[in-house]
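Enquirer: The following comprises the amino acid sequence and a computationally predicted model.
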Amino acid sequence: MVARLDSPRDAVLAILDGVMDPEVPVLSVRELGIVRDVFVGDDGAVTVTVTPTYSGCPAIRVIEHDIIAAIEAGGFARVSVQTTYAPAWTTDWIAPEAREKLKAYGIAPPSPSLDSGGLVQLMRARPSAQCPYCSSYETEVRSEFGSTACKAVCWCRACLQPFEEFKAI
């Protein structure tokens with residue numbers, strides 16, 4: 001049985017569920033929380049608004065291209081992507097199910113961000129990441145930057161496995 005889509009916007013959202021993040025290919029761009037809005041005009045033109053995880057995210061151009069290609073392949077002729085930096089993306093936009101996917105993929109999901117009432121916290125104690133392999137919190141950060149700027153390299157003292165942590169921001 002094929003699911004009924006109520007509107008062109010629903011169809012675009014379903015397409016976006018299949019557009020994977022190039023740096024964390026276990027999550028779609030919607031699961032990662034970078035798709036902020038989808039608008040389909042009366043003329044069928046589609047505009048997708050995205051917020052990158054970091055202002056200097058090197059994958060954003062690839063993501064924009066992949067979004068356009070997927071939506072065009074889904075039958076929409078005119079597609080554009082708008083990138084916005086406000087409000088700034090936060091790891092709180094990653095859904096709980098997506099956090100479980102990160103863990104199953106071997107990346108420690110981010111802990112909830114610490115709301116500072118809009119103030120920038122210059123120094124704060126960072127909670128230990130939970131090891132995605134053995135679930136221990138006996139971990140340490142070995143490098144603030146992993147394979148991408150949004151991940152840190154960690155080490156588990158319990159199972160002796162290295163792993164990446166998706167940094168909370």
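Expert: Noted; the coordinates are in hand.

Enquirer: host element of the most centrally placed residue in the chain?
Expert: What sits nearest the mean C-alpha location of the chain, by C-alpha atoms, centre = their mean, is L32, with 2.5 Å. Using DSSP states H and E, L32 sits within no helix or strand.

Enquirer: Nearest residue to it in space, please, no chain neighbours.
Expert: Leaving aside its sequence neighbours, L32 sits nearest to D21 (C-beta to C-beta, 6 or more residues apart in numbering; 5.2 Å). To be clear about C-beta, it is placed using only N, CA and C from the backbone, and glycine gets the same treatment.

Enquirer: swap in I71?
Expert: Distance criterion C-beta to C-beta, 6+ apart; nearest residue to I71, sequence neighbours excluded, is V79 at 4.6 Å.

Enquirer: what number of residues lie near the one you found?
Expert: 19 (other C-beta atoms under 10 Å).

Enquirer: can I assume it is in contact with V46?
Expert: Yes. Taking C-beta atoms under 8 Å as the definition, V79 is a contact partner of V46 at 4.6 Å.

Enquirer: Between the two, which contacts overlap?
Expert: I71 (C-beta atoms under 8 Å, 6 or more residues apart in numbering).

Enquirer: okay, the residue nearest to I71: pLDDT?
Expert: For V79, the model assigns a pLDDT of 97.

Enquirer: before we move on, the earlier item: for the residue nearest to the centre of the chain, grab phi and psi.
Expert: The phi/psi pair for L32 (degrees, to the nearest 10) reads phi -70, psi -20.

Enquirer: Now do the same contact list for it.
Expert: D21, V24, T53, W93, I94, A98.

Enquirer: Now do T91 against V24, distance only.
Expert: 12 Å (C-beta to C-beta, to the nearest Å).

Enquirer: Oops, could you answer that again for E138 instead?
Expert: 25 Å.

Enquirer: Looking at the two, which one has more neighbours?
Expert: More crowded of E138 and V24, by other C-beta under 10 Å: V24, with 24 against 13.
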